[in-house]
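Peer 1: the amino acid sequence is not available; the structure is as follows:
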């Protein structure tokens, strides 16, 4: 979460360093970490570096070694909404198959990196398709 907070606050190098630590501490999450680092690089205006990472990220994803959520966020950061929706759909489908709501998918409700998708009707349609319409609800603190 700290790496993500750094990303959102424009502290890109610190975000990358924290994601790299996560990869060391949990090598099984290498694919997720690479997708998040690529997202940081795109956000930092270093798209060519992120582009160089895409083949490995997609190879790992083909072997089910990357959660689709960070790939959806990555494509959203790249401005490729169609690919972002494709990966978002895959992630929702995967979450339904394993009978989990997962923290990452609950995070969908508020993830600012997904804001460019929210105004498109496909966002709500996909959540409804996968019985996740509750993620469209917002809560107020009283």
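Peer 2: Nice, thanks for sending it over. It should be emphasised that the depicted structure is a prediction, and the values quoted were computed from it without experimental measurement.
Peer 1: over to residue 66: give its phi and psi.
Peer 2: Here is the backbone geometry of residue 66 (degrees, to the nearest 10): phi -140, psi 130.
Peer 1: which residues of the protein fall in helices?
Peer 2: Remark: helices assigned in the chain by DSSP state H are 2-8, 12-25, 30-43, 47-62, 68-78, 81-97, 103-106, 115-118, 121-129.
Peer 1: least confident of those helices, on average?
Peer 2: Among these, helix 103-106 has the lowest mean pLDDT, at a mean of 58.
Peer 1: residues contacting residue 15?
Peer 2: By Cβ atoms under 8 Å, 6 or more residues apart in numbering, the contact set of residue 15 is 3-4, 6-7, 36, 40. Every C-beta, even on glycine, is put in place using the N, C-alpha and C of the backbone.
Peer 1: try 6 Å
Peer 2: 3, 6-7, 40 (Cβ atoms under 6 Å, 6 or more residues apart in numbering).
Peer 1: name the nearest residue to it, ignoring sequence neighbours.
Peer 2: By the measure of Cβ to Cβ, 6 or more residues apart in numbering, the closest residue to residue 15 outside its immediate chain neighbours is residue 6, 3.7 Å from it.
Peer 1: give me the number of residues near that neighbour?
Peer 2: Counted with other Cβ atoms under 10 Å, the neighbours of residue 6 add up to 19.
Peer 1: isn't it up against residue 16?
Peer 2: No - Residue 6 lies out of contact with residue 16 (Cβ atoms under 6 Å); the separation is 8.5 Å.
Peer 1: I'd like the helices of the chain as CSV, with distance to residue 137 appended.
Peer 2: Compiled in CSV, the helices of the chain are given as follows (distance: least, Cβ to Cβ, whole Å):
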stretch, distance to residue 137
helix 2-8, 22
helix 12-25, 29
helix 30-43, 26
helix 47-62, 30
helix 68-78, 19
helix 81-97, 16
helix 103-106, 11
helix 115-118, 13
helix 121-129, 10
